[in-house]
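[1] sequence first, then the predicted structure, then my questions.
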Amino acid sequence: MKTSVKIVIVAAVAILAVATIVAKRPNRAAPAQGGAASAAVAKPHSEGPLPRLLDLGSGKCVPCKMMTPILDQLEKEYAGRLRVEFIDVFVDEGAVKKYDVNVIPTQIFYGADGKELGRHEGFISKEDILAKWKELGVDLVGKPAAGIVREAPVVADARPRDAVCFMCDGDVDPKTKTLVKGGSEQRLLCSPHCYFIYFSSIPGADPAAQDPKVSVTDWAGGGAIPATSATYLVGVDAKGRPTVKAFADREAAGKDPQSSPGNLLTWEVLRSKELAARCGFCDRSVYPEDACGVTVEGGTRTYGCCTHCAMGVAARLGKDIEVEAKDGFSGEIIRIKTLNGGVASLDPPSAIAWFGQKKDAEGKWVSAGCFKQGFFVNEGNLQKWLDARPSMTGRQISIAQSLADKMKLTPQQIAKACKLGECK
């Protein structure tokens, strides 16, 4: 075979390979019209010289579709500071060769002078795009609106400390009060359930060491009794959550006129039931009715004890996840899918996160704990939720940021997550 013919064949194979890489993607509907990602070719801009983000993709590519809301957000939030453009390589076929595209989507970062500063292949989250600009030395002057920020309580929490649960910060019902005694301190908890959350937060927790420290309240008589000797009447409430009542006398537990039907359990059996469902991130005890549902890549199902811990499952396992969370105010369902450590899809797109924070002994802002976090379908619902919690402090962040915060954690930090005395 002549050399010239060989060259033609090799060239043809090379072109076919590039076309295959670009074209062999799952089909999807074309992006909705109106945003940055809906343009078939790069759109002209009237602004002066600006940094430019060019996304080359297609209306027939799943990762490309995932980029659409991200590009639209960047175009809106950084208007006048960043040009965002999109080229559909199936509409503008010459773009593959012109921009040397091997896979789609591909993002190219240009400086204000028009020179290429860097590029990325595949899906990339909004946070990673902004981080890439910073890495490239481009400061996008100004920031998007910060949303709701509450650095000081609207009304100080005036509840006496002996009426507040150590774990969930809720009110302590005298009939379900649970106490954990230590050498020089004691922990007041609102219920046996919060005790098991507490227990699962202790590094290397051993029932033999912890059980003797726990006392519960006799539902019938009101006195404190050892947790290990009590009988527990366990039923369910209208929402399907377990109800747990402790009795000093087993016979009294079975005859209590104020109790709904249930099962009489020993402490050991109650413990096994309470610890059966655990958070996939921090390993704390959860009731599935209270938790976020998390489906891990491959089909494994687990839970997140709070919305932020649910996102942390992706960091702990190093796999993509799907999260189903409830709006903290309305109970509406919020669904999130991740891809390569970033948010790939968010339903509804208006959903946001609340990062509950407090100041530590050194005056630094730290997490206020799992019970002070939440996702909301929009800012209005978050505001209504906060109105009912005037002592709450923290700030509104994006759900993508809640995931990014978890993805930055080291394996050592994840191992200590939500552990008493170790979580930072």
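    Done, it's in. Numbering: from 1, shown residues only.
[2] break down the stretch 101-250 of the chain into its helices, ranges please.
    Using DSSP state H, counting those that start in this stretch, the helices of the stretch 101-250 of the chain run over residues 126-135, 192-199, 207-210, 250-255.
[3] now, of those, which is deepest in the fold?
    The highest average neighbour count among the helices of the stretch 101-250 of the chain, using mean count of other CB atoms under 10 Å, belongs to helix 192-199 at a mean of 24. Any C-beta I mention is one placed from the backbone N, CA and C, and that applies to glycine too.
[4] out of the helices of the stretch 101-250 of the chain, flag the one nearest residue 161.
    Nearest to residue 161, of all the helices of the stretch 101-250 of the chain, is helix 192-199, at 15.4 Å by CB to CB.
[5] mind giving me the packing neighbours of that closest one?
    Contact here means 3 or more CB pairs under 8 Å, 6 or more residues apart in numbering; DSSP states H and E; on that basis helix 192-199 packs against strand 178-181, strand 186-189, strand 242-247, helix 267-274.
[6] with mean neighbour count and distance to residue 114 added, can I get those in JSON lines?
    Output for these, formatted as JSON lines (neighbours: other CB atoms under 10 Å; distance: least, CB to CB, whole Å):
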{"stretch": "strand 178-181", "mean neighbour count": "19", "distance to residue 114": "65"}
{"stretch": "strand 186-189", "mean neighbour count": "18", "distance to residue 114": "62"}
{"stretch": "strand 242-247", "mean neighbour count": "22", "distance to residue 114": "63"}
{"stretch": "helix 267-274", "mean neighbour count": "17", "distance to residue 114": "62"}
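[7] for residue 364, find the nearest of the ones you listed.
    It is, among the helices and strands packed on helix 192-199 and with distance given as CB to CB, strand 186-189, at 24.1 Å.
[8] circling back: Throw the helices and strands packed on helix 192-199 into CSV and include distance to residue 299 and mean pLDDT, thanks.
    Shown next, in CSV, are the helices and strands packed on helix 192-199 (distance: least, CB to CB, whole Å; pLDDT from 0 to 100):
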stretch, distance to residue 299, mean pLDDT
strand 178-181, 37, 96
strand 186-189, 36, 94
strand 242-247, 27, 95
helix 267-274, 25, 97
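[9] just put the ones you listed in JSON lines and tack on distance to residue 92.
    Below are the helices and strands packed on helix 192-199 laid out as JSON lines (distance: least, CB to CB, whole Å):
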{"stretch": "strand 178-181", "distance to residue 92": "66"}
{"stretch": "strand 186-189", "distance to residue 92": "63"}
{"stretch": "strand 242-247", "distance to residue 92": "59"}
{"stretch": "helix 267-274", "distance to residue 92": "59"}
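[10] ok, which of the helices of the stretch 101-250 of the chain comes nearest residue 296?
    Across these, residue 296 has its closest neighbour in helix 126-135 (21.5 Å, CB to CB).
[11] so what touches the closest one?
    If you take CB atoms under 8 Å, 6 or more residues apart in numbering as the criterion, helix 126-135 is touched by 51, 53, 70, 73-74, 82, 107, 109, 118, 120, 124, 140, 342-343, 398, 400-401, 404.
[12] let's see that with 10 Å instead.
    Defining contact as CB atoms under 10 Å, 6 or more residues apart in numbering, one finds that helix 126-135 is touched by 51, 53, 55, 67, 69-71, 73-74, 77-78, 82, 84, 107, 109, 117-120, 124-125, 138-140, 143-144, 340-343, 398, 400-401, 403-405, 407.
[13] for residue 186, what are its contacts?
    Counting by CB under 10 Å, 6+ apart, residue 186 makes contact with 166, 179, 180, 213, 215.
[14] look up how far residue 51 lies from it.
    Using CB to CB, to the nearest Å, we find residue 186 at a distance of 58 Å from residue 51.
[15] what strand or helix carries residue 334?
    Using DSSP states H and E, residue 334 sits within strand 333-339.
[16] partner strands of whichever helix or strand comes after that strand, with direction?
    Per DSSP H and E, the first helix or strand lying C-terminal to strand 333-339 is strand 342-347. Applying DSSP bridges to the sheet, strand 342-347 is found paired with strand 333-339 (antiparallel).
[17] in the partner strand, what counts as buried?
    Within strand 333-339, the residues that qualify as buried are 334, 336, 338, 339, counting by 16 or more other CB atoms under 10 Å.
[18] for residue 315, state which of these is nearest.
    residue 338 (10.0 Å).
[19] list the residues that contact the residue nearest the centre of the chain.
    Centroid check for the chain by CA atoms, centre = their mean gives residue 311 as the closest residue, at 3.0 Å. By CB under 10 Å, 6+ apart, the contact list for residue 311 reads 281, 292, 294, 304, 321, 323, 325, 336, 338, 343, 353, 375, 399-407.
[20] ignoring the adjacent residues along the chain, who's closest to it?
    In this structure, residue 311 finds its nearest non-sequential neighbour in residue 403, 4.4 Å apart by CB to CB, 6 or more residues apart in numbering.
[21] try residue 250
    Using CB to CB, 6+ apart and skipping residues adjacent in sequence, the residue nearest residue 250 is residue 231, 4.2 Å away.
[22] angle of the helix or strand encompassing residue 316 against strand 342-347?
    Using DSSP H and E, the element containing residue 316 is helix 307-317. For helix 307-317 against strand 342-347, the angle by axes from the mean of the first three to the mean of the last three CA atoms, to 10 degrees is 140 degrees.
[23] next, the buried residues of helix 307-317.
    So helix 307-317, judged by 16+ other CB under 10 Å, has buried residues 307, 308, 309, 310, 311, 312, 313, 314, 315, 316, 317.
[24] could you dump these to TSV with distance to residue 371?
    Shown next, in TSV, are those (distance: CB to CB, whole Å):
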residue	distance to residue 371
307	11
308	11
309	11
310	14
311	16
312	16
313	18
314	22
315	21
316	20
317	24
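[25] export these as TSV, with columns for pLDDT and distance to residue 287.
    Below are the buried residues of helix 307-317 laid out as TSV (pLDDT from 0 to 100; distance: CB to CB, whole Å):
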residue	pLDDT	distance to residue 287
307	97	15
308	97	18
309	97	14
310	98	14
311	98	19
312	97	19
313	98	17
314	97	22
315	96	23
316	97	20
317	97	22
